[in-house]
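Turn this into a model:
(one chain, ligands or ions: 1)
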Amino acid sequence: MNTYIRNYSKNELIEDTGRISWTSPSNIALIKYWGKYGHQLPCNTSISFTLNESKTTMDFSWSSKDTPSDEIVLDFYFENKKNQLFEDKIRAFLEKNRELFPMLKFLNLEIESINSFPHSAGIASSASSMSALALGLCSIENQAFDLDIPETDLIQKATYVARLASGSASRSVFPEIASWGENSLTSIKSSDELAAPVEGVHEVFKTYRDSIVIVDGGEKAVSSRAGHALMEAHPYREQRFKRANELVETLYNILKSGDTKSFCDLVETEALELHGLMMNSSPSFILMRPNTLAVIEKIREFRKESGLDLCFTLDAGPNVHILYPQSIEEEVQTFLSSEIKPLAQNGLIIHDRVGQGPERFL
Ligand code: DP6
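Now for the predicted structure:
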């Protein structure tokens, strides 16, 4: 029996109509989730910084159905316009996981979603949007049916549901630094089903900035789904999952110690490893663009000259996330304006930082 399923009937509906709103951030993985098995379970543990500025705000309204039905009644608006494509995707997700939300039988739902970042910025929006969706659904259930679910249980269900919608979204539910996946480290409390906050991290990492250099804001060349599938028959599959789990341990020790130099080495190696895996997949992909490499070279040069601990990481795409502690923000900003901005598409660099996780407004 799945512990995240609450059983309730129409008689327990105490709010016939209502509205709630959640804002949930994106996140940037330091150790990447790349490869999955079973029902949205990760082949290795991943760790990420929860971001602050790149986020989705979702407003949810519900009303009671005249007659309970299996039909999922949903209206979805994205950036103030009806969006049939997203609506169909969410409906398909709810249909597949309807046992998690008995309320779908009794309620009509309307969702309005807005991202804080431009659509063409190439920022992964599934983490912010799917975590906002999960939080909204869990809160509606709790409030409309007066389930009195304690906050920690609600967040647990939300990370579980977010994971089913998009793996990386499971981590966005938590502030600052989160992990997802089973690990032998006692301090890493996540499992393959649930992400969890990473505790005991040195304060310096909580001040980290993430300046996202948009090298190419176009559609992703490889969807996440196709990307994860590439790991199924990858020649380095077993080595990768073993190594990623070892890197999690090394990273955790670095995060505890506050060693920003070792952080740079490890995070950059891991980012390039993700792209290396794509380059020797079958079919193979090169997702870096010439300016991705140009930005990387500039970062490495500047680090060598200045002795400052800034480094880069990459998503499954061409954009470069530049990570650095708040204490060197001024120097890095000057460097970004003079050396990096000319390499960004339309000069676009999005300034983000480690944040406090989702917030409920209504
Ligand atoms: C490279 O979470 O987008 O960003 O579970 O299929 O939705 P799905 O995949 P998704 O994959 C993210 C891949 C990554 C690494 C990471 O965020 O850990």
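
Can you check my assumption that residue 146 lies in a strand?
No. Counting by DSSP: H, G, I helix; E, B strand; the rest coil, residue 146 is located in no strand; its state is coil.

Can you classify the closest residue to it other than its chain neighbours as helix, strand or coil?
Spatially, and ignoring its direct neighbours in sequence, residue 146 is nearest to residue 14 (4.5 Å; Cβ to Cβ, 6 or more residues apart in numbering). From N, CA and C alone the C-beta is placed, and that goes for glycine too. Judged by three-state DSSP, the three-state class of residue 14 is coil.

how much space between residue 14 and the ligand?
To the ligand, residue 14 is 34 Å away according to Cβ to the nearest ligand atom, to the nearest Å.

hang on, isn't that residue packed against residue 148?
No. Contact criterion Cβ atoms under 8 Å: residue 14 and residue 148 do not qualify, at 10.8 Å.

between the two, who's got more neighbours?
residue 14 (11 against 8; other Cβ atoms under 10 Å).

In contact with that one, which residues?
Contact partners of residue 14, counting by Cβ atoms under 8 Å, 6 or more residues apart in numbering, are 144, 145, 146.

Could you pick out the residues of the chain near the ligand for me?
29, 32-34, 40, 46, 124, 126, 166-168, 224-225, 228, 315-316 (Cβ under 6 Å from any ligand atom).

What are the boundaries of the helices in the stretch 51-200 of the chain?
84-96, 126-144, 151-165, 169-172 (DSSP state H, counting those that start in this stretch).

Pull the contacting residues for residue 70.
Contacts of residue 70 (Cβ under 8 Å, 6+ apart): 98, 105.

Got a PyMOL select line for the buried ones in the contacts of residue 14?
For the buried members of the contacts of residue 14, the matching PyMOL selection, counting by 16 or more other Cβ atoms under 10 Å, is:
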select buried, resi 144+145
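
can you map out the strands along this structure?
Along the chain, the stretches classed as strands by DSSP state E are 17-31, 36-37, 41-42, 46-64, 73-78, 81-82, 107-115, 177-180, 195-197, 209-213, 311-314, 320-324, 349-353, 359-360.

Columns mean neighbour count and mean pLDDT on top of those strands, output as TSV?
Converted to TSV, the strands of the chain look like this (neighbours: other Cβ atoms under 10 Å; pLDDT from 0 to 100):
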stretch	mean neighbour count	mean pLDDT
strand 17-31	23	98
strand 36-37	16	98
strand 41-42	22	98
strand 46-64	23	98
strand 73-78	17	98
strand 81-82	9	96
strand 107-115	20	97
strand 177-180	28	98
strand 195-197	24	97
strand 209-213	24	98
strand 311-314	23	98
strand 320-324	26	98
strand 349-353	19	97
strand 359-360	13	98
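
Please identify which of those is closest to residue 157.
When the strands of the chain are compared by Cβ to Cβ, strand 195-197 sits nearest residue 157, at 12.2 Å.

Can you tell me how far residue 238 is from residue 231?
10 Å (Cβ to Cβ, to the nearest Å).

neighbour-wise, which of the two wins?
Each of residue 238 and residue 231 has its neighbours counted (other Cβ under 10 Å); residue 231 has more, 20 against 10.

Is the more buried one in contact with residue 240, as I believe?
Yes. With contact defined as Cβ under 8 Å, residue 231 reaches residue 240; the gap is 7.3 Å.

Spit out the residues that contact these two alike.
Counting by Cβ under 8 Å, 6+ apart, the residues touching both residue 231 and residue 240 are 34, 35, 277.

so who does the last one touch?
In other words, residue 277. By Cβ under 8 Å, 6+ apart, the neighbours of residue 277 are 34, 230, 231, 234, 236, 240.

Tabulate the residues you listed (a markdown table), appending pLDDT.
Shown next, in a markdown table, are the contacts of residue 277 (pLDDT from 0 to 100):
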| residue | pLDDT |
| --- | --- |
| 34 | 97 |
| 230 | 96 |
| 231 | 97 |
| 234 | 97 |
| 236 | 98 |
| 240 | 98 |
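
so where's this protein shaky on pLDDT?
1, 120-122, 124 (pLDDT under 70).

re earlier: so which of the helices of the stretch 51-200 of the chain gets nearest residue 321?
helix 126-144 (13.2 Å).

Show me what that closest one is packed against.
Judged by 3 or more Cβ pairs under 8 Å, 6 or more residues apart in numbering; DSSP states H and E, helix 126-144 is in contact with strand 17-31, strand 46-64, strand 107-115, helix 151-165, helix 169-172.
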